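A structural model of the following input is requested.
(3 chains)
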Amino acid sequence: MRERLSYYIKRDSALHRLNPLTKIILTLGILLVSLISPGYWTAHALLIFAIVPLSFLGRIWREFFSSAIRLIIPAAGFIFLMQAFFQPLGETVIFKFWVLDVTQESLAFAFRISTRITVMISAFTLFLLTTHPSELMSDLTRRGLPGQFAYVIISSLQILPQMQSKARTIISAQRSRGLDTESTFLCRVGSIVPLVGPLVFGSLVEVEERAIAIEARGFTSTHVKTSLHEIADTKFDKTLRWVLLALVILSLVWKIWQL
Amino acid sequence: MAIVNLQNVTYKYPLTQTAVLQNINLQVNEGEFVAVIGPNGAGKSTLCYAIAGFVPHFFKGEMSGTVEVAGVESAKSSLSEWVLNVGLAFQNPFNQISGAKYTVFEELAFGLENIGVPRDEMPERVERAMRLTGISALADRSPYSLSGGQQQRVALASILVMQPKVLVLDEPTSQMDPIGTREVFGVIRTLAENGMTVILVEHKVEWIAEFAGRVIALHDGQILMEGKPAEVLTSDALAEKGFGISRYTSTARAARTAGLWKKANLPVTLDEAAEGFAK
Amino acid sequence: MFEKMKKDFTTMTWVLIPVAIAINIAVGQIVVLLKLPVYLDSIGTVLVGIICGPWAGALTGALSNTIWGLFNPDSLPWWPVAFFIGLVAGLCANAGWFKSWPKVILSGFLIALTAAIVSTPISVYLYGGITASGSSFITAYLLQTGQGVLSAVLSTGFLVEPVDKITTAMLAFAIVQGLSKRLLARFPRPENAEVEQGSSSSQLVTALIVAVVVIALGFFVRNMLAG
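So this is what the prediction gives:
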């Protein structure tokens, strides 16, 4: 149950220096192009000509490849297998496994879908590795996102690990009192309430005090909010954002053309 | 000139029948240090909320009478404006951390960002608040990685940085160990010396005796007694009504019955007790 | 309408949302640990829907999936499903359908239908119907029997979702009932959680019977679609 919630690697690189909004649009751009474009090889091309070079540009290729091996490839591999076996596509049977046919067509489909998933997850991972959450939120708030959103996102990121460690404590405490969390189905169903109850009620009771605390610090103030950090937005950023938008529109046009 | 002025304040929480505050009249002068004591359920926290504007703005319910700070009435102001007048810190340091920031420095700036303080004024105000509370060395740490005493000082600093006219502290050390308590009272001492107007709810009467210019004893939502710490904290009426009193006071009171305490006044602190018994 | 929406987003709501997101994820992980055949990863979303209104619920759902996506990227594309779960839960609560056990089951069923319908296009378009979730084995089976992708995915949804979402709705209702009246009153819509008069234990029994019937109905519908 242990997951790290901040992937950010502090480093000085061209990718790190990009404005956070530009990086969001870059991520979404890659995502949308891989989704919309009807070309069979689009996702593969994006992986080789965008994702990999970006990981070098951001000087985080080592971290990127390690998370690719740990997370992305297993997920994509699983999807590949599921698709290859279960998609009832085509006639050209390559081999049979029990009642399942693996055809040339289902393999081709599986290869495309799993690469597309790989591209989408990779783009997201690159974004997380090179963007600090508070930088992102400061920039978006400056651009008019209500300040409450920044609060919600960042406090979720900080509360979740606390809640997970609380969950671990509760699980081990209840187990040591003899709660059965492993044997029969009914026992496991029965153990939901003693595990979830304390976790949920404990955290809900705190809500009132935490609301008072941020209220005491002007959370609902009607003044225009300012920001401690100044986040650069260069001319290059602005141009890049327009280029990315154009690419998304281009793939949309391509898609409509094909219909 | 009274900076805080409560006139006939009576208040009932929603869904309840009895008034938690009954006809409270209280004036606090600028630069004064007032301590509030009382048994559980006396209405101490509610009094804090009333001065800090959370009653009635946040809690709703029925309030009569007026709360004024610096001549402005709380019911006629909004909570987000009111917090610029009165700063509030309370017991649980963990719940006072906003959660919206990753470092102590940013945590202090959170309030300034909310009220729209220009960026170039922020570092100076944040650093001053950190110096005042002795947390400058923690600037780049995560607020969640700190000890209770450190977190409580961060909470105090986060309020002080907003430069309120009055500071309301609701049992700021009740969840602290002795080290944390000493750290937090160290900060409170600095504030008192700097002439801050402070209203402190506290159980630890020995500390009150040291700082407070005036003590208010609250009981069942009413002000039972008011006066100099040495008078109020040693009063016989307090001990009978279940107030937490200093062990030195109760020891000396027992000693007085046995004829072993000769001084006219009972002690509150260890030093006073030692001096009295030495005679 | 915008003004009404704004009224639901009090400071209490903003503070509750991150807590609810953490509840979604932490409980979802406990359920995985217990190896139960449900997700139960939207209890927090439904809770917010009930006591803070549909839009707060929707926001909780959408953000919850986004944040879960940080360490489980597969949950990311499903944010619209979570969005609608919160929205429908809130709408049901506003209609007074979170006030007694039978009504809660009905709400859970509606939430399940919504989830099944909203997830279908995502599943079909993004994964060709075969997702990374365990329920895809059912879809795969239906596909092998010669069903179209759309109907295979939809009937899998109708089959799997009711058990999960009815349980979720019931747990969220139980949590709301467990909160003190004083605390509930701080939230924007405490009236949504007032329990209707009537003996609650006999209601619970009726409710459970309704739940079983609903699930059986799900099987029936699936068979009809499959046949």
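
For whatever residue of the stretch 51-200 of chain A ends up closest to chain C, give me the backbone phi and psi.
Scanning the stretch 51-200 of chain A for proximity to chain C using CB to the nearest CB identifies A:Phe86 as nearest, at 3.5 Å. C-beta coordinates here come from the backbone N, C-alpha and C atoms, glycine included. Dihedral pair for A:Phe86: phi -100, psi -20, per degrees, to the nearest 10.

which residues touch it?
Shown in contact with A:Phe86 (CB atoms under 8 Å, 6 or more residues apart in numbering or on different chains): A:Leu100, A:Ser106, C:Ile130, C:Ser136, C:Thr139, C:Ala140, C:Leu143, C:Gln144.

Which of these sits closest to A:Thr239?
Closest approach between the contacts of A:Phe86 and A:Thr239, by CB to CB: C:Ile130, at 40.2 Å.

did I read that right, that closest one in a helix?
No. Counting by DSSP: H, G, I helix; E, B strand; the rest coil, C:Ile130 is not found in a helix; it is coil.

I figured it was touching C:Ala140, is that so?
Yes. Assessed by CB atoms under 8 Å, C:Ile130 is found in contact with C:Ala140 at 6.0 Å.

The two - which one has more neighbours?
Higher neighbour count among C:Ile130 and C:Ala140: C:Ile130, with 27 against 21, using other CB atoms under 10 Å in any protein chain shown.

and the more buried one, what pLDDT?
Reported pLDDT at C:Ile130 in the predicted model: 82.

Would the helix or strand where C:Val32 lies count as contacting chain A?
Taking DSSP states H and E as the criterion, C:Val32 maps to helix C:11-33. Yes. Judged by CB under 8 Å from any CB of the partner chain, helix C:11-33 and chain A are in contact via C:11-12, C:14-19, C:21-23, C:25-27, C:29-31, C:33.

give me the subset of these touching chain B.
Restricting these to those within reach of chain B (CB under 8 Å from any CB) leaves C:Thr11, C:Pro18.

ok, B:Val69 to chain A distance?
From B:Val69 over to chain A the distance is 14 Å, taken as CB to the nearest CB, to the nearest Å.

Please report how far the residue nearest to that residue when sequence neighbours are not counted lies from A:Ser55.
Using CB to CB, 6 or more residues apart in numbering or on different chains and skipping the chain neighbours, the partner closest in space to B:Val69 is B:Asn85 (4.7 Å). According to CB to CB, to the nearest Å, B:Asn85 and A:Ser55 sit 52 Å apart.

Kindly give a single ChimeraX line that selects the buried subset of the residues of helix C:11-33 next to chain A.
Buried residues among those (16 or more other CB atoms under 10 Å in any protein chain shown), as a ChimeraX selection:
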select /C:11,12,14,15,16,17,18,19,21,22,23,25,26,27,29,30,31,33
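
Go ahead and confirm B:Ile135 touches B:Gln152.
No. Using CB under 8 Å, B:Ile135 is not in contact with B:Gln152; the gap is 10.2 Å.

Between those two, point out the one with more neighbours.
Ranked by neighbour count (other CB under 10 Å), B:Ile135 and B:Gln152 place B:Gln152 first, with 29 against 23.

Identify the residues contacting whichever strand or helix holds the more buried one?
Assigning secondary structure by DSSP H and E places B:Gln152 in helix B:148-160. Here helix B:148-160 makes contact (CB under 8 Å, 6+ apart) with A:213, A:216-217, B:87-89, B:93-94, B:96-98, B:104, B:107-108, B:110-111, B:129-130, B:132-135, B:138, B:143, B:146, B:167, B:169, B:172-173, B:175-177, B:179-184, B:187, B:191.

per-residue confidence for the closest residue to A:Lys225 other than its chain neighbours?
Nearest residue to A:Lys225, sequence neighbours excluded (CB to CB, 6+ apart): A:Gly147, at 4.9 Å. A:Gly147 is assigned a pLDDT of 89 by the prediction.

same deal with A:Val99?
Predicted confidence (pLDDT) for A:Val99: 68.

Of the contacts of A:Phe86, select the buried ones using a PyMOL command.
This is how PyMOL selects the buried members of the contacts of A:Phe86, with burial counted by 16+ other CB under 10 Å:
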select buried, (chain A and resi 106) or (chain C and resi 130+136+139+140+143+144)
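
TSV for the contacts of A:Phe86, including distance to B:Leu6 and secondary structure?
Output for those, formatted as TSV (distance: CB to CB, whole Å; DSSP: H, G, I helix; E, B strand; the rest coil):
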residue	distance to B:Leu6	secondary structure
A:Leu100	78	strand
A:Ser106	77	helix
C:Ile130	68	coil
C:Ser136	65	helix
C:Thr139	67	helix
C:Ala140	71	helix
C:Leu143	73	helix
C:Gln144	77	helix
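
so which of the contacts of A:Phe86 would you say is closest to chain B?
C:Ser136 (36.8 Å).

what about that closest one, distance to B:Ile208?
With distances taken as CB to CB, C:Ser136 is found 66 Å from B:Ile208.

show me where pLDDT drops low in chain C?
Low-confidence segments of chain C (pLDDT under 70): C:1, C:197-203, C:214-215, C:217-227.

For the stretch 1-150 of chain A, what lies in contact range of chain B?
Proximity of the stretch 1-150 of chain A to chain B (CB under 8 Å from any CB) is limited to residues A:Pro133, A:Ser134, A:Gly147, A:Ala150.

ok, longest strand in chain B?
Counting by DSSP state E, the longest strand found in chain B is strand B:2-12.

Not counting that one itself, show me its contacts.
For strand B:2-12, the surrounding residues in contact (CB under 8 Å, 6+ apart) are B:18-30, B:46, B:50-51, B:55-56, B:61-70, B:165-166, B:197, B:199.

Select from the residues you listed every entry located in helices.
Using DSSP state H, the subset of the contacts of strand B:2-12 located in helices is B:Thr46, B:Ala50, B:Ile51, B:Val55, B:Pro56.

want to throw the residues you listed into CSV with distance to chain A and neighbour count?
As requested, the ones in helices among the contacts of strand B:2-12 are exported to CSV (distance: CB to the nearest CB, whole Å; neighbours: other CB atoms under 10 Å in any protein chain shown):
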residue, distance to chain A, neighbour count
B:Thr46, 13, 25
B:Ala50, 13, 25
B:Ile51, 12, 25
B:Val55, 11, 26
B:Pro56, 14, 21
